[in-house]
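S.K.: Mind looking at a prediction? Sequence and model below.
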Number of protein chains: 2
Amino acid sequence: MIPDALSQGQFDIVYNFLSLVIASQLFTALFLLISLPRILPRYRNAITVAIIVCGIAAYHYFRIFDSFKEAFVTDALGGAGTYTQAAGASFNEGYRYVDWLLTVPLLLVELVAVLALARKVQAQLLFKLVPAAALMIILGYPGEISGDTGTRGLFGLLSTLPFLYILYVLFVQLTKSLDLQPAGVRQTLSNLRWLLLLSWGVYPIAYLLPMLNIEGANAWVGLQIGYSVADILAKAVYALIIFKVARIKSFADDAEFARHESSHDEFAAASRER
Amino acid sequence: MIPDALSQGQFDIVYNFLSLVIASQLFTALFLLISLPRILPRYRNAITVAIIVCGIAAYHYFRIFDSFKEAFVTDALGGAGTYTQAAGASFNEGYRYVDWLLTVPLLLVELVAVLALARKVQAQLLFKLVPAAALMIILGYPGEISGDTGTRGLFGLLSTLPFLYILYVLFVQLTKSLDLQPAGVRQTLSNLRWLLLLSWGVYPIAYLLPMLNIEGANAWVGLQIGYSVADILAKAVYALIIFKVARIKSFADDAEFARHESSHDEFAAASRER
């Protein structure tokens, strides 16, 4: 799957996208860390988990980035601006699975935590979602590392079952809980589920590419870009939307907190008058 | 565009300027982080975004700095104090675009956030400014990496369109909102727009240099200095002015906070009298 050679332009674009993911995850985590006092304590667990997810992703992208840099070298023989695979080094895609094994269940924890449901309902949801998410990642891995199309297909299929179950829980079972949320966040939360579906959908597509015999340097570069964009959407952008939900709910829960915190004129003007 | 060789003096001045940018961004971010409690909560989002922008810039300048150090080596054949391009390494200008893709939209978010406008007005402004800023950067990149003058010119021109639109929004549409700001900050905010125009103006000039056949080591060194100074003005100095605006507005909003926070004589004396 890893191409034997990359042009300067191909090398640079993968390099830049991997670096973009590092910056996005790292500084989303920092933004949320600084902004933690700007939501009510009851929502801080959701945002703390979001910080951890972005931090774990940044850590793994540092590793992926270094692995990529070491895997390709410019070769005097290949001409200026041509990168070939370095002897004694290989690009380790397995990092992504280690990352997902930790972050994917936590992404669902973030979502459930920000809803601030009754303790029992929350426990039931997590009892369904977290094992299903872990199982989805674990079942994908044997297919990913196998060179055999049949094995890849089989584990791809097995991995899809927990994915469908997660979608069922999110889009059918969770809907009742969404109706209990403040009106201002219902639409945002519904959008969040679609962002999750859209960004998670990139991974099975990338998984299938080798089975469709879409190979070569351009396909591989496209795959790296696809994974990078999906990871930014599924973790950093997702976390910022969760933060927005936590802000709106904090304001809805506590009018005094809203007055104190709001950056908007209607509140600022009111406090100038006092 | 990258010169084949640099003298010791040319190498050192680029090295020093890149390091100056790292120090400026990193410690502006740290100053603002420590100073966050010294403004009212409603302005802290603007300053948090400013911290993130300076942090992202520092991260990318670490990468640019390392890429520069790896791209040139002293060569015994070239004589003492002569740097030539290292085999197997290339200076990656693309980092700058990754940096700008994240930071340029956020610089506009900072500006709008510190104004503390009505929620609807703020949303409308951001809906115009943020996509335009991202589009401006994305359209510049294909021209930057192309060796062809025609392609560079075409994408330069396309990228100018969102830039002009941003200027229109800032200098025409925003003017009404500035009139609603406290008298003490109107002039500062107006100056801030000019700083933005002045520092952003460096980038298109640098972009055009290769089209004017201004090449060679001195032109390249000048370009690196130009980018460095522009990045310090557009991010660190800009952030400090935004912080000043947030301080003045915090004092105008809340007299008690002003008395408590101010380090100036008139307040210190007043509080000693009580």
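M.R.: On my side now, so go ahead. The structure displayed is predicted, hence computed values, not measured ones.
S.K.: what's the offset of stretch A:54-67 from the middle of its chain?
M.R.: Computed by CA atoms, centre = their mean, to the nearest Å, the chain-centroid distance of stretch A:54-67 equals 13 Å.
S.K.: how about it against chain B, any contact?
M.R.: No. Between stretch A:54-67 and chain B, judged by CB under 8 Å from any CB of the partner chain, nothing touches; the nearest distance is 9.9 Å. No exception for glycine: its C-beta is placed from N, CA and C like everyone else's.
S.K.: For that stretch, the averaged confidence score.
M.R.: Mean pLDDT, stretch A:54-67: 94.
S.K.: Residues in contact with it: which ones?
M.R.: For stretch A:54-67, the surrounding residues in contact (CB atoms under 8 Å, 6 or more residues apart in numbering or on different chains) are A:15, A:18-19, A:21-22, A:25-26, A:28-29, A:32, A:89, A:91-92, A:95-96, A:98-99, A:102-103, A:106, A:231, A:235-236, A:239.
S.K.: Stretch A:240-254 now?
M.R.: A:28, A:31-32, A:35, A:38-40, A:42-43, A:46-47, A:50, A:110-111, A:114, A:116, A:181-182, A:184-185, A:188-189, A:191-192, A:195, A:257-258, A:261-262.
S.K.: tell me which residues in that stretch are buried?
M.R.: Under the neighbour-count criterion of 16 or more other CB atoms under 10 Å in any protein chain shown, stretch A:240-254 has A:240, A:241, A:242, A:243, A:245, A:246, A:247, A:248, A:249, A:250, A:251, A:252 buried.
S.K.: out of the residues you listed, who's nearest chain B?
M.R.: Chain B has its nearest neighbour among the buried residues of stretch A:240-254 in residue A:247, at 9.5 Å by CB to the nearest CB.
S.K.: Counting neighbours, what do you get for the closest residue to chain B within the stretch 51-200 of chain A?
M.R.: Closest residue of the stretch 51-200 of chain A to chain B, CB to the nearest CB: residue A:74 (4.4 Å). Residues near residue A:74, counting by other CB atoms under 10 Å in any protein chain shown, number 20.
S.K.: cool, residue A:15 as well?
M.R.: 23.
S.K.: Ignoring the adjacent residues along the chain, who's closest to it?
M.R.: Nearest non-adjacent residue to residue A:15, counting by CB to CB, 6 or more residues apart in numbering or on different chains: residue B:92, 6.5 Å away.
S.K.: quick one: contacts of the host helix or strand of residue A:225?
M.R.: Using DSSP states H and E, residue A:225 sits in helix A:216-231. With contact meaning CB under 8 Å, 6+ apart, helix A:216-231 is reached by A:1-3, A:5-7, A:10, A:13-14, A:17-18, A:20-21, A:25, A:57, A:61, A:96, A:199-200, A:202-203, A:205-206, A:209.
S.K.: What is the subsequent helix or strand relative to it?
M.R.: helix A:238-253.
S.K.: on that earlier part again, now the contacts of helix A:216-231: which count as buried?
M.R.: Looks like those have A:3, A:6-7, A:10, A:13-14, A:17-18, A:20-21, A:25, A:57, A:61, A:96, A:199-200, A:202-203, A:206, A:209 buried, using 16+ other CB under 10 Å.
S.K.: now, which of the residues you listed lie within helices?
M.R.: A:10, A:13-14, A:17-18, A:20-21, A:25, A:57, A:61, A:96, A:199-200, A:202-203, A:206 (DSSP state H).
S.K.: Quick check: the two most widely separated of these?
M.R.: Within those, A:10 and A:200 form the most distant pair, 26.4 Å apart (CB to CB).
S.K.: coming back round to it: narrow the contacts of stretch A:240-254 to just the buried residues.
M.R.: Buried members of these, counted by 16+ other CB under 10 Å: A:28, A:31-32, A:35, A:38-40, A:43, A:46-47, A:50, A:110-111, A:114, A:116, A:181, A:185, A:189, A:192, A:257-258, A:261-262.
S.K.: Which ones among those residues map onto helices?
M.R.: Mapping those onto helices (DSSP H) picks out A:28, A:31-32, A:35, A:46-47, A:50, A:110-111, A:114, A:185, A:189, A:192, A:257-258, A:261.
S.K.: For chain B, tell me which of those show up nearby.
M.R.: Okay, of these touching chain B (CB under 8 Å from any CB), that's A:31, A:35, A:261.
S.K.: So which one of those residues is the model least confident about?
M.R.: For those, the pLDDT minimum is residue A:261, 83.
S.K.: Now do that one against residue B:45, distance only.
M.R.: Here residue A:261 is placed at a distance of 9 Å from residue B:45 (CB to CB, to the nearest Å).
S.K.: Common neighbours of these two, please.
M.R.: In contact with both residue A:261 and residue B:45: residue A:38, using CB under 8 Å, 6+ apart.
S.K.: Please tell me I have it right and residue A:104 contacts residue A:133.
M.R.: Yes. Here residue A:104 reaches residue A:133: they are 4.6 Å apart, a contact under CB atoms under 8 Å.
S.K.: returning to that earlier point: quick one: least confident of the ones in helices among the buried ones among the contacts of stretch A:240-254?
M.R.: Among these, residue A:261 has the weakest pLDDT, 83.
S.K.: Excluding covalently adjacent residues, which one is nearest to that one?
M.R.: Residue A:261 sits nearest to residue B:41 (CB to CB, 6+ apart), 5.0 Å away.
S.K.: burial measure for that neighbour, as a count.
M.R.: For residue B:41, using other CB under 10 Å, the count is 16.
S.K.: Residue A:136 too?
M.R.: Using other CB under 10 Å, residue A:136 is surrounded by 25 other residues.
S.K.: which ones are touching it?
M.R.: Per CB under 8 Å, 6+ apart, neighbours of residue A:136: A:104, A:159, A:162, A:163, A:166.
S.K.: in what helix or strand does it lie?
M.R.: According to DSSP H and E, residue A:136 maps onto helix A:119-145.
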